[in-house]
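Colleague: Take this sequence and fold it.
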Amino acid sequence: MKSKRMDHIDWSEHFYYDETSLSCLRWNREVLAGKNYARVMYSLGDPAGSLTQKKTGKYWIIQCQGFLYQASRIVMRLHGKTIDDLVVDHEDGDSTLNKINNLRAVSQMINNRNKSPKNSHYGIFGVSFNVRNNNEYFRAFWKLEKGGSKNFSINKLGIMEAFKQAIVARTDAIKRLNSEGMGYTERHATNLT
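Modeller: Numbering: from 1, shown residues only. Below is the predicted model:
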């Protein structure tokens, strides 16, 4: 199944928004299938969609008119939100939670800035431990500008102080970048708050 642009469908003919459905969508009509369309696949009011695993996480998907669509994109459309060349960001990081107050249409870059620090050894996204020439240090980094990192020597400061200063440097950089409209979230900056 392939996805198709969404602007050719009146989504309210097919679905309605309902937070009691796990996907937050229910069928707004009966869907028939099989020989002579004699078998009822979905009845009016049935929950819509199925949970699927992608590289980027779990998502609710829905088949409609022979194509697959992300349920979150349909929810946005049903609420009159324009999403054409944007991605749908789940603000709390739970890609299965399609409640409208958890969704926003953003660029891929902004979506990436709402990622949690799950790949960080130390619980702080953008802070890493490094060794170079027998010197150990914590590095705070932010990739948006030249010189977007700073090292804190463990040999000079001690492990806890170097770690603390790296966190402060990263947090301050993210606050400064956000004041310039860069769109990082608390989840991206740290999980120790």
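
Colleague: Can you give the distance of stretch 53-66 from its chain's centre?
Modeller: With Cα atoms, centre = their mean, to the nearest Å as the basis, stretch 53-66 stands 14 Å off its chain's centre.

Colleague: before we move on, what about stretch 98-107?
Modeller: Distance, centroid of stretch 98-107 to centroid of chain: 9 Å (Cα atoms, centre = their mean).

Colleague: what does stretch 27-34 give?
Modeller: 31 Å.

Colleague: contact partners of that stretch?
Modeller: 12-16, 38-48 (Cβ atoms under 8 Å, 6 or more residues apart in numbering). Using the backbone N, CA and C atoms, a C-beta is placed for each residue, glycine as well.

Colleague: Are any of the residues you listed buried, and if so which?
Modeller: His14, Phe15, Tyr16, Tyr42, Pro47, Ala48 (16 or more other Cβ atoms under 10 Å).

Colleague: Looking at those residues, which gets the smallest pLDDT?
Modeller: pLDDT across the buried ones among the contacts of stretch 27-34 is lowest for Tyr42, at 92.

Colleague: May I have the phi/psi pair for it?
Modeller: phi -140, psi 140 (degrees, to the nearest 10).

Colleague: Same question for the one 5 residues further on.
Modeller: With angles defined as degrees, to the nearest 10, Pro47 sits at phi -60, psi 140.

Colleague: What separation do you get for it and Ala162?
Modeller: Pro47 is 51 Å from Ala162, where distance means Cβ to Cβ, to the nearest Å.

Colleague: ok, now Lys55?
Modeller: Distance, Lys55 to Ala162, using Cβ to Cβ: 34 Å.

Colleague: Name the residue in the two with the higher neighbour count.
Modeller: Ala162 (21 against 4; other Cβ atoms under 10 Å).

Colleague: The more buried one sits in which helix or strand?
Modeller: Using DSSP states H and E, Ala162 sits in helix 159-179.

Colleague: From the chain's centroid, how far away is that helix?
Modeller: 23 Å.

Colleague: same question for it, mean pLDDT?
Modeller: 88.

Colleague: ok, and for it, which residues are buried?
Modeller: Ala162, Phe163, Gln165, Ala166, Ile167, Ala169, Arg170, Thr171, Ala173, Ile174, Leu177.

Colleague: Near Phe50, how many other residues are there?
Modeller: Just to correct that, residue 50 is Ser rather than Phe. By other Cβ under 10 Å, neighbour count at Ser50 equals 14.
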